[in-house]
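Visitor: Just the structure for this:
(chains A and B)
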Amino acid sequence: MLVIGVFGPTASGKSDVAAAVRELMPAEVVSADAMQVYDGLPILTNRSAHPERLVGIWPLTHAAAVGEYAPLAQAAVDEILGAGKTPLVVGGTGLYFRAALAELELPPAPSPGARERWERLYEEAGAAAAHARLEELDPPAAARVHPNDRRRVVRALELAETGSSLVPRREGLFGGAWRHPTLLLGLDVPKPELDRRIAERTRRMFEAGVEQEVRHTLLTAEPSTTASKILGLHEVATLPREEAIEALIVRTRRYAAYQRKWLRRLEGLVIVAADRPPEETAAEIVALARTRERLPSP
RNA sequence: GGCGCCUUGGCCGAGUGGUUAGGCAUGGGUCUGCAAAACCCAGUACACCGGUUCGACUCCGGUAGGCGCCU
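Guide: Reported below is the predicted structural model:
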């Protein structure tokens, strides 16, 4: 049984295509999106109207991380396969997407207090000193992390301290073995069209009432550091409407550009045109899947 | 019509007679528990025309556009 992965930038129409695929074959959708895991902001995070797994599973107060997402996503995929259906892993977060489909062998979470401790060192002693400390503890990790990259220096220190390392035992962030036979697809929409869709979708968000949604949500929950990264959360809450729209459009475009990098980097990805009705794209995907299933597995 | 002020790279925004401010956006790159994140690299602008000067984006004069006040 095949797993289908559909990757694409925001507004490339992933959700609609996935929904259309479900009309054509027994399948279930597993979301690979680092922000849709949060509950409480369906409009802002662009939640699909169709059922998808791993959407809205955590409160905004929760600090999400791939390490926590990965086993859940993999379990969902296995369960769908077990039920004799096709798992459709759909998403725009490259790292989550990979984690759902492949065994990344993610290193352990930081031990309690470790992050704060190293953060403090970085803060007080400075980037160079923190990096020098890493150089002592884990030279290979130090070699691959820039001193200014605070996140990774801290993370590398956490790991080095416990005898682990930031350097993966096996490379394979962008490609490598899948957990199951997988058909990997990338939805491609020409940039001008994508920009148009982003602008349109952003306007629609405001018509749908994002402002109220955000205001209400912030009243009831203090977003975790991860959740507070949700695009537009800050802008919608603090800027006047027109400025917020403008800012959100710009940020979303930038995000889409970043996703396009993943689209280019993911190995084994088959590019499928998505600047057409979702049903057509879905039909092509299903056809590809049927062809692939007839081929002997490698 | 008169007087005064302003004009910096896609946008915002410092500044100096001779050293690339910076931020955002843009383009390229990195990436293994914060990834809608974080980090790295790139682009030499001073409205236009003349003058002063060894040298002007910076000083002087004029032109154009903008803002304000006055008749």
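
Visitor: In contact with the residue of the stretch 1-150 of chain A found nearest RNA strand B, which residues?
Guide: Per CB to the nearest atom of the strand, A:Gly67 is where the stretch 1-150 of chain A lies closest to RNA strand B, at 2.0 Å. Quick note: C-beta positions are derived from backbone N, CA and C, even for glycine. A:Gly67 sits next to A:Leu106, A:Pro108, A:Ala109 when contact means CB atoms under 8 Å, 6 or more residues apart in numbering.

Visitor: Mark which of those are buried, thanks.
Guide: Among those, those classed as buried by 16 or more other CB atoms under 10 Å are A:Leu106.

Visitor: ok, and which of the contacts of A:Gly67 reach RNA strand B?
Guide: For RNA strand B, the contacts drawn from the contacts of A:Gly67 by CB under 7 Å from any atom of the strand are A:Leu106, A:Pro108, A:Ala109.

Visitor: Check those against A:Asp138 and report the nearest one.
Guide: Nearest to A:Asp138 among these: A:Pro108, at 14.6 Å, using CB to CB.

Visitor: So the closest one is in contact with A:Ser164, correct?
Guide: Yes: judged on CB atoms under 8 Å, A:Pro108 makes contact with A:Ser164 at a distance of 6.2 Å.

Visitor: which stretches of chain A form helices?
Guide: With helices called from DSSP state H, chain A shows them at A:14-24, A:66-82, A:94-101, A:114-125, A:127-137, A:139-144, A:150-161, A:191-207, A:210-220, A:233-238, A:241-265, A:278-294.

Visitor: And A:Leu288, what's its pLDDT?
Guide: At A:Leu288, the pLDDT value in this model is 96.

Visitor: hmm, I was thinking of A:Gly175
Guide: A:Gly175 is given a pLDDT of 89.

Visitor: number of nearby residues for the closest residue to it other than its chain neighbours?
Guide: In this structure, A:Gly175 finds its nearest non-sequential neighbour in A:Glu267, 2.7 Å apart by CB to CB, 6 or more residues apart in numbering. Residues contacting A:Glu267 under the criterion other CB atoms under 10 Å number 10.
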